[in-house]
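Structure, please.
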Amino acid sequence: MSARSLSFHLTTVACLAAASVSSLAQDTGAANQAALAYANVATNLNSIRTFAEAPKNFNPLTAGDEDLAVYGFPARPDPQAEPQHYAMWERAMQAAKIRWNGNLTALPAQTKASDSMLAGTAMTASDVSESLPAKPTSLNWAGAVLTKNLSAWSKKSSFRDIYSLITVPVGQPAFEGGCDYYTQLSFVGLNGYVKNAAIQPGSAGTLMGGVWAISNCSRADTRYSAAFGWNPSLIQSAFQLNPGDIFYTEVGAPPSGTQPSYLFIEDLTTLTYSTYSVSIPIGNTFIGNTAEWIVERRCCGNTGYPFPLLNTIDNFFDGGAALDNAGKTLYPGSQATSTEVLTMRDDANNQNIELIYQGSSGYEGNHSLLLQTTGCAFSGPCVKR
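Numbering: from 1, shown residues only. This next block holds a predicted model:
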């Protein structure tokens, strides 16, 4: 074979392999979406369905693809096309032993952000850079957001799936903060982020799965639970979690941007899991233009400002990635200029209260994020507005 023929042959093989990897990655998200047809078991909410419970001897590691779909388990990633995703899936499936079937409980109702606050609070804008992620601020979000320039759902490029491990933090009030209503929602989600907005998410809403924690006066009264749904209008609390537990969630986009979505939640430490299909609430719109790993303080209290942030010292996301409709895998450590790395600010917008350490190299790497409570949210008290 001539050098020219060999070069053409190798190039052809490489192109076919790349196309195959992209197709397989697409198939993973598509399989999760196809599984929604089996979500025909009622819950205590009309807008949320679940799947039939698997038999006691069911093993998701060896089960066929259709059986995984029937019982609501995440689709099996291809170990060659998505080795990191497969390793994460395998670990989660090994621990999925106890199906939780309890009633869902809505997170406490919130009021809208104050009009005067929204009008009078100028957040740090998304920096314009030719080579680095933007670093804006928010009053209620800290984390990493992958963005796409889309105004409507796209079958070619919208985000379709996101997954991550989350370490359940140890939560407490700020050390000198006194009694109050301290909240934190640590989650991965799709959709809803609005650039440079003081309060997130925007009116489109965010489809999410994660960890809900709330405290009033001390570490002893802090409660933790798995949470999922549409932020902010339809978030549900499921099974109880414990500080230090390792939590896994996978969030699948609504097929065609309009149908119900797929959510899988699991506590790998207690072996407890559940899986759901969630309809899009009235007033929300799925575009799929963002994928996010976020620590949030809930908005809003009677004053129209977010509730005080729970002091969790550190928050960890690990093994995270997002898939888009083109089959491309993207990571929370992305250094693309389309990535937004948010720092959370206090009510007065004069100090940071939740920092983020993000980067494709160093301690965090491509798949991981570290967020850290700081300022008055750590030491207390924060001045409330």
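
so where is this protein shaky, pLDDT-wise?
The chain contains residues with pLDDT under 70 at 1-29, 120, 126-130.

Show me where it has its helices.
For the chain, the helices defined by DSSP state H cover 3-34, 65-70, 83-95, 115-120, 375-379.

Strands of the stretch 101-250 of the chain, residue ranges please.
For the stretch 101-250 of the chain, the strands defined by DSSP state E, counting those that start in this stretch occupy 105-106, 137-138, 141-147, 159-167, 182-190, 206-215, 223-231, 234-240, 246-252.

Turn the ones you listed into a markdown table, including distance to T124 and mean neighbour count.
C-beta: built from backbone N, CA, C; applies to glycine. What follows is these, written out as a markdown table (distance: least, Cβ to Cβ, whole Å; neighbours: other Cβ atoms under 10 Å):
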| stretch | distance to T124 | mean neighbour count |
| --- | --- | --- |
| strand 105-106 | 33 | 12 |
| strand 137-138 | 4 | 24 |
| strand 141-147 | 13 | 26 |
| strand 159-167 | 25 | 26 |
| strand 182-190 | 22 | 27 |
| strand 206-215 | 21 | 26 |
| strand 223-231 | 22 | 24 |
| strand 234-240 | 27 | 21 |
| strand 246-252 | 28 | 25 |
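
wait, which of these is closest to G362?
Distance to G362, taken as Cβ to Cβ, is lowest for strand 141-147 among these, at 14.3 Å.

Which parts of the chain belong to which domain?
3-85, 105-379 (automatic domain parsing).

Please work out which of the ones you listed is packed deepest.
domain 105-379 (a mean of 20; mean count of other Cβ atoms under 10 Å).

what about that one, how long is it end to end?
32 Å (Cα to Cα, to the nearest Å).

circling back to that earlier point, dump the domains of the chain to JSON lines, plus distance to A96.
What follows is the domains of the chain, written out as JSON lines (distance: least, Cβ to Cβ, whole Å):
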{"stretch": "domain 3-85", "distance to A96": "6"}
{"stretch": "domain 105-379", "distance to A96": "4"}
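
between the ones you listed, which gets nearest to R91?
domain 105-379 (7.1 Å).

Now do the closest one: distance to the chain's middle.
Chain-centre distance of domain 105-379: 6 Å, with Cα atoms, centre = their mean, to the nearest Å.

same deal with stretch 367-380?
For stretch 367-380, the distance to the chain centre is 18 Å (Cα atoms, centre = their mean).

quick one: terminal-to-terminal distance for stretch 165-175?
Stretch 165-175: ends 28 Å apart by Cα to Cα.

For the spatially most central residue of the chain, give me its contacts.
Most central in the chain under Cα atoms, centre = their mean is V188, positioned 0.7 Å from the mean C-alpha point. Counting by Cβ atoms under 8 Å, 6 or more residues apart in numbering, V188 makes contact with 162-164, 166, 208-210, 249, 251, 291-294, 317, 320.

coming back round to it: K97 is nearest to which of the domains of the chain?
domain 105-379 (4.0 Å).

Y357 - nearest residue in space that isn't next to it in sequence?
Counting by Cβ to Cβ, 6 or more residues apart in numbering, Y357 lies nearest to L370, which is 4.4 Å off, once chain neighbours are set aside.

hmm, back to that, L309: which of the contacts of V188 is nearest?
I294 (12.6 Å).

my guess is the closest one meets G189, correct?
Yes: using Cβ atoms under 8 Å, I294 is in contact with G189, at 6.6 Å.

Mutual contacts of those two, please.
M208.

G319 versus G327, what's the distance?
19 Å (Cβ to Cβ, to the nearest Å).

whoops, I mixed them up, G205
As judged by Cβ to Cβ, G205 and G319 stand 26 Å apart.

can you check L150 too?
Computed as Cβ to Cβ, the L150 to G319 distance reads 26 Å.

mind listing what P308 touches?
173-174, 177, 180-183, 297, 377, 382, 384 are the contacts of P308 under Cβ under 8 Å, 6+ apart.

how far away is it from L36?
38 Å.

what does F247 give?
23 Å.

What of L185?
Counting by Cβ to Cβ - L185 and L36 are separated by 25 Å.

ditto for W293
With Cβ to Cβ as the criterion, W293 and L36 are 24 Å apart.

Same check on N196?
In terms of Cβ to Cβ, N196 sits 34 Å off from L36.

got it, and I98?
Taking Cβ to Cβ, one finds I98 at 23 Å from L36.

do A226 as well
20 Å.

hang on, the earlier thing: present the strands of the stretch 101-250 of the chain as JSON lines; the columns should include distance to P74.
Below are the strands of the stretch 101-250 of the chain laid out as JSON lines (distance: least, Cβ to Cβ, whole Å):
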{"stretch": "strand 105-106", "distance to P74": "24"}
{"stretch": "strand 137-138", "distance to P74": "30"}
{"stretch": "strand 141-147", "distance to P74": "20"}
{"stretch": "strand 159-167", "distance to P74": "8"}
{"stretch": "strand 182-190", "distance to P74": "13"}
{"stretch": "strand 206-215", "distance to P74": "11"}
{"stretch": "strand 223-231", "distance to P74": "14"}
{"stretch": "strand 234-240", "distance to P74": "16"}
{"stretch": "strand 246-252", "distance to P74": "5"}
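
Which among these is found nearest to L268?
With Cβ to Cβ, the closest approach to L268 among the strands of the stretch 101-250 of the chain belongs to strand 246-252: 4.5 Å.

if we can go back for a sec, hang on, the residue nearest to Y357 packs against F316?
Yes: using Cβ under 8 Å, L370 is in contact with F316, at 6.1 Å.

Just name the closest of the contacts of V188 to V41, please.
G209 (18.7 Å).

measure that closest one to K112 for me?
24 Å.

Also A213?
Counting by Cβ to Cβ, the gap from A213 to K112 is 23 Å.
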